[in-house]
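K.L.:
Got a sequence here, can you build the structure:
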Amino acid sequence: MGNNVASLMGKHFDRMKHDTQYKTSKPKQETALRKIFTALDANGNGVIEGREVHELLAAVKKSYLKATEYELSKSEIDALVKVADTNGDKEIDFTEFKLMMFCVAQMMTK
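P.N.:
Next comes the predicted model:
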């Protein structure tokens with residue numbers, strides 16, 4: 001699962017960097033993010049939790065490194081989780097996931 005998630009995430013980030021039409025199309029982004037989220041949500045309960053969070057972070061780190069040639073630090077990863085988990089329940093729902101992915105995409109363009 002991890003490689004598939006990192007591959008899907010890498011494609012999303014690549015398109016965010018290089019495809020203006022994709023970058024401005026919320027429906028296309030939403031579809032891509034839903035695919036990634038579904039791949040991460042192994043038990044299908046609608047949230048990324050426990051081991052799934054670790055897979056999410058590994059995929060973010062791997063795809064970010066590939067897209068930018070910069071490795072995110074542990075503190076940067078921790079900050080992303082803190083930003084994403086808006087209600088503090090240690091689970092990431094789809095809305096929180098989209099926020100996290102938006103933050104990562106913004107970091108890539110700086």
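K.L.:
Packing partners of the helix or strand containing Gln106?
P.N.:
Gln106 belongs to helix 94-108 when assigned by DSSP states H and E. Packing contacts for helix 94-108, counted by 3 or more C-beta pairs under 8 Å, 6 or more residues apart in numbering; DSSP states H and E, involve helix 2-18, helix 26-40, helix 51-68, helix 74-84. C-beta: built from backbone N, CA, C; applies to glycine.
K.L.:
could you dump these to JSON lines with distance to Met108, mean neighbour count and mean pLDDT?
P.N.:
Putting the helices and strands packed on helix 94-108 into JSON lines (distance: least, C-beta to C-beta, whole Å; neighbours: other C-beta atoms under 10 Å; pLDDT from 0 to 100) gives the following:
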{"stretch": "helix 2-18", "distance to Met108": "6", "mean neighbour count": "17", "mean pLDDT": "86"}
{"stretch": "helix 26-40", "distance to Met108": "14", "mean neighbour count": "16", "mean pLDDT": "94"}
{"stretch": "helix 51-68", "distance to Met108": "6", "mean neighbour count": "18", "mean pLDDT": "89"}
{"stretch": "helix 74-84", "distance to Met108": "12", "mean neighbour count": "14", "mean pLDDT": "88"}
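K.L.:
so which of the ones you listed gets nearest Glu91?
P.N.:
When these are compared by C-beta to C-beta, helix 51-68 sits nearest Glu91, at 8.0 Å.
K.L.:
so how far is that closest one off the chain centroid?
P.N.:
7 Å (C-alpha atoms, centre = their mean, to the nearest Å).
K.L.:
now do stretch 102-110
P.N.:
11 Å.
K.L.:
which residues touch that stretch?
P.N.:
For stretch 102-110, contacts defined as C-beta atoms under 8 Å, 6 or more residues apart in numbering pick out 13, 16-17, 60, 64, 67-68, 80, 83-84.
K.L.:
And stretch 22-31, by the same measure?
P.N.:
In contact with stretch 22-31 (C-beta under 8 Å, 6+ apart) are residues 12, 15-16, 98.
K.L.:
How about stretch 38-45?
P.N.:
1, 4-5, 8, 47-48, 51-52, 55-56, 59.
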